[in-house]
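Chemist: Show me the folded form of this:
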Amino acid sequence: MILHGLRMADGGQCVNVRINKGKIDEVTPVSITGDDTDLHFDNAMIFPGLINSHDHLDFNLFPQLGNRIYINYTEWGAYIHKHYKPEINHILRVPAPLRIRWGIYKNLLCGVTTVVNHGEHLSLDGSLINVFEETQDLHSVGFENLWRLKLNNPLRRHLPVAIHIGEGTDEAASTEIDSLIRWNKWRRPLIGIHAVAMTGAQAANFKGIVWCPESNYYLLNKTASIDQLKQHTTILFGTDSTLTGNWNIWDHITMARKTGLLTDEELYQSLNSNAAKVWLMNTGEISPGKDADLVIARQKNGATGFDSFHGLSPAGLLMVMHKGNIRLFDHELLLQVASVVKGRDFSLIRVGKAYKYIEGNLGELTEQIHLYLPEFTFPFEFMDHQTF
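Modeler: Numbering: from 1, shown residues only. Sure, this is the predicted structure:
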């Protein structure tokens, strides 16, 4: 497959891209010819599929819970389990496989091709996107039983440790970071999540920090000092679940940009190349040999540089490709991609004013979820399901 007439989102260069056996085979400004399927684009940009470095895939049917500002995650956790227990139990009636499938679709709709799930290992086969689970997940110092023993389990020392840490504005949130560093006897790679209370000196002990600004502002009315932390470690980007944030990662990205804590280029790289390097993934770049996890989107008229990228929404995505497989495409591309997706089933949906085809039967999934949660509103309108 050859993708023609695209501009790189991070530099504006005109490129053509050849995809072969699920990987990027060639990226060049000159014309590419061959016996491949040719897809032609006009006024479109290309970028690596987004990497959401923090989500809880089974928690994305929840509304945001909480009604005030909290000093840390333990206060918030105790509060919602006391005051929202009926609401929590109501959502948890939905079988976990259905909740997880929606969590995956939530990400795919936004152009996320890799999501790092935090929690119990799901061991999914045939997922529409990469669900990365090559980590040892500890919830937090406050909520993970026997976290010291688990952290220092010699049988798991080859895995990076992903953990919520420093999620608060009080002294306890700061001191738990020091405790985690002190107890990391094997000096295992630590990927800290949230890190609102973290200092630069503490950040130097972490391989990476996952920044989730929308979640932080919702719970704490404050986010991490990413402008300082980035000098000592690598910054990744995450959404967390809808318990504390919007379903749409582009809203999170917009909020992050408004803080000015990262440059446009740094924010962009937190969603692709930097995340791929920290998690050791073969994705996150548009270069030969990398997995063909790609997003093609409309170029915003009149926008230059990163303005077009940061102005995106799910409605503006023209195509999402995962390991060379087209998972989502705009209806305007139907005639071009019909032969490529032949024999596969897709759902036609409306997102905003745009019509998209997305792989799988979304109508069936929404019906199954509505058996338990008839009041839940999905961020799209299901139109039809068909096999091409």
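
Chemist: Going by C-alpha atoms from here, please, whenever you check contacts or count neighbours.
Modeler: Will do.

Chemist: Counting by contacts, list what the strand ranked longest in the chain packs against.
Modeler: In the chain, with assignment by DSSP state E, the single longest strand is strand 38-48. Identification of packing neighbours for strand 38-48 by 3 or more CA pairs under 8 Å, 6 or more residues apart in numbering; DSSP states H and E yields strand 2-8, strand 294-298, helix 334-337.

Chemist: Quick check: buried residues in that strand?
Modeler: Residues of strand 38-48 classed as buried under the neighbour-count rule (16 or more other CA atoms under 10 Å) are 38, 39, 41, 44, 45, 46, 47, 48.

Chemist: Over to stretch 352-367?
Modeler: Counting neighbours by 16+ other CA under 10 Å, the buried set in stretch 352-367 is 354, 355, 356, 357, 358, 359, 360, 361, 362, 363, 366.

Chemist: Now intersect those with the helices, please.
Modeler: For the buried residues of stretch 352-367, the ones inside helices are 362, 363, 366, with DSSP state H as the criterion.

Chemist: Pretty sure the first one sits against residue 345.
Modeler: No - contact between residue 362 and residue 345 fails when scored by CA atoms under 8 Å: they sit 10.3 Å apart.

Chemist: okay, and the common contacts of those two?
Modeler: Applying CA atoms under 8 Å, 6 or more residues apart in numbering, one finds that residue 362 and residue 345 are jointly contacted by residue 385.

Chemist: follow-up on the earlier one: taking strand 2-8 as reference, get the angle to the longest strand of the chain.
Modeler: For the pair strand 38-48 and strand 2-8, the angle between their directions (axes from the mean of the first three to the mean of the last three CA atoms, to 10 degrees) equals 40 degrees.

Chemist: who does the next helix or strand after strand 38-48 pair up with?
Modeler: Moving toward the C-terminus from strand 38-48, the first helix or strand encountered (DSSP states H and E) is strand 50-55. Listed by DSSP bridges, the sheet partners of strand 50-55 and their directions read strand 112-117 (parallel).

Chemist: and the next element down the chain from the partner strand?
Modeler: Later in the chain than strand 112-117, the nearest helix or strand by DSSP H and E is strand 130-132.

Chemist: who touches residue 295 in this structure?
Modeler: Residues in contact with residue 295, defined by CA under 8 Å, 6+ apart, are 46, 47, 48, 49, 111, 317, 318, 319, 320, 321.

Chemist: from what I can see residue 14 touches residue 4, true?
Modeler: No - contact status for residue 14 versus residue 4: not in contact, 9.2 Å apart, counting by CA under 8 Å.

Chemist: ok, the two, which is more surrounded?
Modeler: Neighbours per residue (other CA atoms under 10 Å) separate residue 14 from residue 4, with residue 4 holding more: 22 against 18.

Chemist: so the more buried one bridges to which residues?
Modeler: Residues in beta-bridge contact with residue 4 (DSSP bridges): residue 40.

Chemist: So it sits against residue 43, correct?
Modeler: No - distance between residue 4 and residue 43: 11.0 Å, which falls outside the contact criterion (CA under 8 Å).

Chemist: mind listing the strands for the stretch 51-200 of the chain?
Modeler: 112-117, 130-132, 136-140, 161-165, 190-194 (DSSP state E, counting those that start in this stretch).

Chemist: Out of those strands, which gets nearest to residue 294?
Modeler: For residue 294, the closest of these is strand 112-117, at 7.8 Å, according to CA to CA.

Chemist: and the closest one with strand 294-298, angle?
Modeler: Here strand 112-117 points in a direction 130 degrees away from that of strand 294-298 (the same axes, to 10 degrees).

Chemist: picking that back up, want to throw the strands of the stretch 51-200 of the chain into CSV with distance to residue 246 and mean neighbour count?
Modeler: Below are the strands of the stretch 51-200 of the chain laid out as CSV (distance: least, CA to CA, whole Å; neighbours: other CA atoms under 10 Å):
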stretch, distance to residue 246, mean neighbour count
strand 112-117, 15, 26
strand 130-132, 20, 20
strand 136-140, 21, 20
strand 161-165, 19, 24
strand 190-194, 16, 26
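
Chemist: export the ones you listed to CSV and tack on mean pLDDT and distance to residue 153?
Modeler: Below are the strands of the stretch 51-200 of the chain laid out as CSV (pLDDT from 0 to 100; distance: least, CA to CA, whole Å):
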stretch, mean pLDDT, distance to residue 153
strand 112-117, 98, 21
strand 130-132, 97, 21
strand 136-140, 97, 10
strand 161-165, 98, 11
strand 190-194, 98, 14
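
Chemist: In TSV, list those strands along with distance to residue 374.
Modeler: Output for the strands of the stretch 51-200 of the chain, formatted as TSV (distance: least, CA to CA, whole Å):
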stretch	distance to residue 374
strand 112-117	26
strand 130-132	28
strand 136-140	31
strand 161-165	32
strand 190-194	33
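
Chemist: Minimum distance to residue 237: which of these has it?
Modeler: The minimum distance between residue 237 and the strands of the stretch 51-200 of the chain falls on strand 190-194, with 9.4 Å, by CA to CA.

Chemist: Quickly run through the sheet partners of the closest one, with directions.
Modeler: Applying DSSP bridges, you get strand 161-165 (parallel), strand 208-211 (parallel) as the partners of strand 190-194.

Chemist: Out of the contacts of residue 295, which two sit at the greatest distance?
Modeler: Put simply, by CA to CA the two of the contacts of residue 295 set farthest apart are 48 and 318, 13.5 Å from each other.

Chemist: quick one: contacts for the residue nearest to residue 338 when sequence neighbours are not counted?
Modeler: Spatially, and ignoring its direct neighbours in sequence, residue 338 is nearest to residue 388 (7.1 Å; CA to CA, 6 or more residues apart in numbering). Residues near residue 388 by CA under 8 Å, 6+ apart: 338, 341, 342, 343, 344, 345, 346.
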